[in-house]
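**Q** pasted the sequence and its predicted model underneath.
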Amino acid sequence: MVSPATLKKARRLARERGRRLPDFLSEVVVAFIDDTEGYRDSLRRLEQRLDTGLDLGTGGSAGWNREELHAR
């Protein structure tokens, strides 16, 4: 249930944008869905990159060890 105060704010925002309330709410819902789907797509691409890994040019093995890196 939407509170009367929230509904009043929604009506005001719709009016400011020259929209009827149902049209405004429809646009808001569609934008929310698009944003959510875009976020999920981005997250899926990120997970694929993490699973695949990045080519660091080492051919899969480091040519050094910890002691060599920290030798003083």
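**A** Yes, it's here.
**Q** pull out the buried residues from whichever helix or strand Glu37 is part of.
**A** Using DSSP states H and E, Glu37 maps to helix 21-52. Within helix 21-52, the residues scored as buried using 16 or more other Cβ atoms under 10 Å are Phe24. Glycine gets a C-beta too; all of them are placed from N, C-alpha and C.
**Q** what of stretch 3-23?
**A** Along stretch 3-23, these residues count as buried under the neighbour rule (16+ other Cβ under 10 Å): Ala14.
**Q** touching it from outside, list them.
**A** 2, 24-25, 27 (Cβ atoms under 8 Å, 6 or more residues apart in numbering).
**Q** I'd like those residues as TSV, with distance to Arg17 and pLDDT appended.
**A** Supplementary listing: these in TSV, determined by distance: Cβ to Cβ, whole Å; pLDDT from 0 to 100:
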residue	distance to Arg17	pLDDT
Val2	18	92
Phe24	6	98
Leu25	11	97
Glu27	8	97
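**Q** ok now the helix holding Glu37, how far from the chain's centre?
**A** Relative to its chain's centre, helix 21-52 lies at 7 Å (Cα atoms, centre = their mean, to the nearest Å).
**Q** look up how far Arg45 lies from the spatially most central residue of the chain.
**A** By Cα atoms, centre = their mean, the chain has its centre lying nearest to Tyr39, at 3.1 Å. Per Cβ to Cβ, to the nearest Å, Tyr39 is found 11 Å from Arg45.
**Q** tell me the pLDDT of Arg72.
**A** On pLDDT, Arg72 comes in at 65.
**Q** one more: Leu54?
**A** pLDDT, Leu54: 84.
**Q** could you look up the SS state of it?
**A** coil (DSSP: H, G, I helix; E, B strand; the rest coil).
**Q** please report phi then psi for it.
**A** phi -110, psi 150 (degrees, to the nearest 10).
**Q** so how far is Trp64 from it?
**A** 18 Å.
**Q** what does Asp34 give?
**A** Taking Cβ to Cβ as the measure, Asp34 falls 47 Å from Trp64.
**Q** and what of Glu16?
**A** Glu16 is 62 Å from Trp64, by Cβ to Cβ.
**Q** what do you get for Gly57?
**A** Taken as Cβ to Cβ, the span from Gly57 to Trp64 is 13 Å.
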